[in-house]
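1. I would like the atomic coordinates for the input below:
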Amino acid sequence: MHPDFSRARKEALALLEKFNLHQPPVDPTYIARELGTDVFFVQFDDADQNISGFFDATENAIYVNRSEWPLRQTFTVAHELGHKILHEEWAKSSDYRMLFRDQDATDQDPREREANTFAAHLLVPRFMLNAIWDQYAVEDLSKLFAVSVPVIKNRISSEYGAWSRQCKDPHQEQRTEWPWTGRCVERRPWSGTTENSDPEKQLERADNVDRHVSRIKVIGIYAIGLPVLALFIVLTYHYAAPASWEFLTKAQIDDLQQFLFQGTIGAALATVINRTFE
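-> Next up is the predicted model:
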């Protein structure tokens, strides 16, 4: 059979649309679990350490080697999800093969190539690359998309043409596709990190902001409340104490009362105090 790369790409893009994913990074584990497929990160036996992962069609579960590099794990999940979407019946047969760590990138098995294409378009779709692929270094794009540098290079090579990094300046790259053929092109520094895209990090930063805001609110309450309370105590003292003990004039007491009891609530409190101490 010939690999159907078009179907693999369409199925990947359909999932992105289904889950409204329009910005990197794409989490294939989230997608798989939302589709009802379990994903387990397990410790393989020493004899199986060369296995990156596999899809168990009977259990509808993806098993990933937990000792793998995290970015490799991401691609493994996406690759095995590709088998789930594209080749579930085949995965139940004895012809199905596990994904090996050192598997040749030129593997001619059409289903493996389709799964790789599915994973590539799921994790690094062209529409996410279009506006930024020629703006940042591949290392920065790798961080942004949470995939390995080879995956990023492969995607850019496939979509826009390849380049080789042969410039003296490490911040430049020599491009081979038109109209930049042979030119060393500057790439702007990328200010983002994977932490900026990590939901847990975002929640942590939000919590920190909330804590700081809460502290500022408490300080503000104390800064305003304590002086008001002190003035209220002074006013109450003048209502309760004998006339010989008063140290404020009638005009000062009226000003203090007006300051403390502006508005409906203030007027009500003033009335209560007046009636209490008449």
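
2. contacts, neighbours, all on C-alpha from now
-> Will do.

3. Quick one: mean pLDDT over whichever strand or helix holds residue 140.
-> Using DSSP states H and E, residue 140 maps to helix 138-145. What helix 138-145 shows for mean pLDDT is 92.

4. That helix: what's the following helix or strand?
-> With DSSP H and E, the next secondary element past helix 138-145 is helix 149-160.

5. What helices and strands are in contact with that next one?
-> helix 138-145 (3 or more Cα pairs under 8 Å, 6 or more residues apart in numbering; DSSP states H and E).

6. list the buried ones in the helix it packs on?
-> Judged by neighbour count (16 or more other Cα atoms under 10 Å), helix 138-145 contains these buried residues: 138, 140-145.

7. which helices and strands sit right next to that helix?
-> helix 149-160, helix 194-197.

8. dump the residue contacts of residue 115.
-> Under the criterion of Cα atoms under 8 Å, 6 or more residues apart in numbering, the contact list for residue 115 reads 8, 79-83, 86.

9. please redo it, this time with the cut-off set to 7 Å
-> 79, 82-83 (Cα atoms under 7 Å, 6 or more residues apart in numbering).

10. Could you do residue 122 as well?
-> 12-13 are the contacts of residue 122 under Cα under 7 Å, 6+ apart.

11. CA atoms only: put the helix or strand hosting it into PDB for me.
-> In this assignment (DSSP H and E), residue 122 forms part of helix 110-123. The C-alpha trace of helix 110-123 is given here as PDB (Å, rounded to 0.1, in the frame of the first residue of the first chain):
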ATOM      1  CA  PRO A 110       3.500   3.100   5.100                       C
ATOM      2  CA  ARG A 111       1.500   3.000   8.300                       C
ATOM      3  CA  GLU A 112       4.500   4.200  10.300                       C
ATOM      4  CA  ARG A 113       5.100   7.000   7.900                       C
ATOM      5  CA  GLU A 114       1.400   8.000   8.100                       C
ATOM      6  CA  ALA A 115       1.600   8.000  11.900                       C
ATOM      7  CA  ASN A 116       4.700  10.200  11.700                       C
ATOM      8  CA  THR A 117       2.900  12.600   9.300                       C
ATOM      9  CA  PHE A 118      -0.100  12.700  11.600                       C
ATOM     10  CA  ALA A 119       2.100  13.500  14.600                       C
ATOM     11  CA  ALA A 120       4.000  16.200  12.700                       C
ATOM     12  CA  HIS A 121       0.900  18.000  11.600                       C
ATOM     13  CA  LEU A 122      -0.800  17.700  14.900                       C
ATOM     14  CA  LEU A 123       2.100  19.100  16.900                       C
END
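
12. buried stuff in it?
-> Going by 16+ other Cα under 10 Å, helix 110-123 has these buried residues: 111-123.

13. What is the most widely separated pair among those?
-> Maximum pairwise distance among those (Cα to Cα): 18.2 Å, between 111 and 123.

14. domains in the protein, as residue ranges please.
-> Domain assignment for the chain, taken from automatic domain parsing, gives 5-123, 199-276.

15. Of these, which is nearest residue 151?
-> domain 5-123 (7.3 Å).
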